[in-house]
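*Asks:* For reference, the sequence and a predicted model appear below.
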Amino acid sequence: MKKYSHALFILLVLISSIQVYGQRGEKLESLRIAFITNKLSLTTTESEKFWPIYNVYRKEVTEIRRQANLDTNLEAMSDADAEKAIMVSIDRMEKELILFKNLARDLKPAIPARKIALLSKTERNFNEELIRTQLKDGARPGLRRN
């Protein structure tokens with residue numbers, strides 16, 4: 001019975017995420033939710049607490065990365081511009097570290113420390129799996145398939 005309620009909850013989370021993220025990226029987000037939920041072995045109760053906190057964290061990280069995005073030709077920039085780019089990157093990393101510290105603090109009442117510790121590795125594994133799948137399907141990283 002527990003497996004069925006867990007699967008039902010994952011399905012509900014997936015449907016909710018599809019509505020929240022709309023058509024763009026819905027499949028990716030659904031895969032991310034399923035992957036993380038599975039790899040962390042989140043229970044229904046843990047999932048109910050985890051996902052709202054984690055989604056806020058991801059939104060904040062995305063915003064920091066968007067603000068720090070360097071649309072410059074890095075190979076052609078001057079040393080002075082490169083120094084500025086380095087400082088922007090360091091600032092972004094420091095802000096992301098603060099966000100992760102806050103995420104770990106906020107997740108402590110929601111899930112065991114062991115699962116919080118596994119989160120970063122699980123995120124990396126998800127991204128690696130995406131790349132492997134893209135390469136297996138014949139797509140070249142960084143290029144859209146038409």
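*Replies:* The structure has been received and is ready for your questions. Numbering: from 1, shown residues only.
*Asks:* Nearest the middle, which residue of the protein would you pick?
*Replies:* Arg58 (5.6 Å; C-alpha atoms, centre = their mean).
*Asks:* and that residue, how far is that from Lys136?
*Replies:* Distance of Arg58 to Lys136, given as C-beta to C-beta, to the nearest Å: 26 Å. Bear in mind the C-beta positions are built from the backbone N, C-alpha and C, glycine included.
*Asks:* for Ile98, same thing?
*Replies:* Taking C-beta to C-beta, one finds Ile98 at 36 Å from Lys136.
*Asks:* more neighbours, those two?
*Replies:* A count of neighbours by other C-beta atoms under 10 Å puts Ile98 above the other of Ile98 and Lys136, at 12 against 8.
*Asks:* Any buried residues in the host helix or strand of Glu29, and which?
*Replies:* Assigned by DSSP states H and E, Glu29 belongs to helix 26-39. Residues 29-30, 32-37, 39 are the ones in helix 26-39 that count as buried (16 or more other C-beta atoms under 10 Å).
*Asks:* repeat for stretch 119-130
*Replies:* 119, 122-123, 126.
*Asks:* So which of those is the closest to Glu63?
*Replies:* Nearest to Glu63, judged by C-beta to C-beta, of the buried residues of stretch 119-130 is Glu123 at 17.2 Å.
*Asks:* quick one: contacts for that closest one?
*Replies:* Contact analysis of Glu123 by C-beta atoms under 8 Å, 6 or more residues apart in numbering lists Ile36.
*Asks:* now it: how far from Leu97?
*Replies:* 15 Å.
*Asks:* could you pull out the helices for the protein?
*Replies:* Secondary structure of the chain by DSSP state H: the helices cover 2-21, 26-39, 44-67, 79-107, 113-136.
*Asks:* Out of these, flag the one nearest Asn73.
*Replies:* helix 79-107 (9.8 Å).
*Asks:* Next, the buried residues of the closest one.
*Replies:* Buried residues in helix 79-107 (16+ other C-beta under 10 Å): 92, 95-96, 99, 103, 106-107.
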